[in-house]
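Student: Dropping a prediction and its sequence here:
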Amino acid sequence: MAVKTMSQKTNTGLYDAGWHELVISSAAYETWTSPDGKIKKYVDLHFEGYDHMNLRIYEAKNKETNVEFKIANLFHYACAGIIDVLKDPTGKNPVIQYDDEAENLVGTRINVFFYKEASDDGKEYSRPFDTVAPVEQETEHVSWTADQVVRLKAAAEKNFVRIKGNKVDHTTNHTTTKSTTTSDAELPF
């Protein structure tokens, strides 16, 4: 028998599938032009501790009202740039007034859903899904309860299944080990 050593590396869980509460470190608006010439605005987000990952949220408009909702939801869920909560003309429904400057998103927290996607090289990578959810918080104008966060996460997962055709797969952190064999006299430390 030989004396063996093994290094133990614990997965940080940073890129595990499932929900992650992230802090936005930078945000910038960009535009994308489709092959047929249509221009679409998006906001490109980066997060603290995730140097090589970004999330792009493209504008999406309600087909009946033509009101943009996807980027607006990002500001709402992040409680970013919120100026006031007003009443609509009927006086029944609250209307959020906000400044949509991308810089207002920096430093805010949101929940982002990561999923695994196979690439052409056969490896599996984590990707952030573009339907986000708020974190539990209370601010001057907008608050999110734990129940609201749970419901919005469930709605985002339902949207993920509808768009990606995958079932939601929540994995847990795991430990990876690498074994090496050395002689009794050779210890690597």
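Tutor: Received, thanks.
Student: Could I get the phi/psi values of the residue most central in space within the chain?
Tutor: Residue closest to the average C-alpha location in the chain (Cα atoms, centre = their mean): Val112, at 2.5 Å. Main-chain torsions, Val112, degrees, to the nearest 10: phi -120, psi 130.
Student: number of nearby residues for Tyr125?
Tutor: A count of neighbours around Tyr125, defined by other Cβ atoms under 10 Å, yields 13. Yep, even glycine has a C-beta here, placed from its N, CA and C like the rest.
Student: Please tell me how far the helix or strand harbouring it is from the chain's geometric centre.
Tutor: Taking DSSP states H and E as the criterion, Tyr125 maps to strand 124-128. From the chain centre to the centre of strand 124-128 is a distance of 11 Å (Cα atoms, centre = their mean, to the nearest Å).
Student: again with stretch 92-109
Tutor: For stretch 92-109, the distance to the chain centre is 17 Å (Cα atoms, centre = their mean).
Student: contacting residues around that stretch?
Tutor: For stretch 92-109, the external contacting residues (Cβ atoms under 8 Å, 6 or more residues apart in numbering) are 21-29, 43, 45, 71-72, 74-76, 78-88, 135, 137, 141-142.
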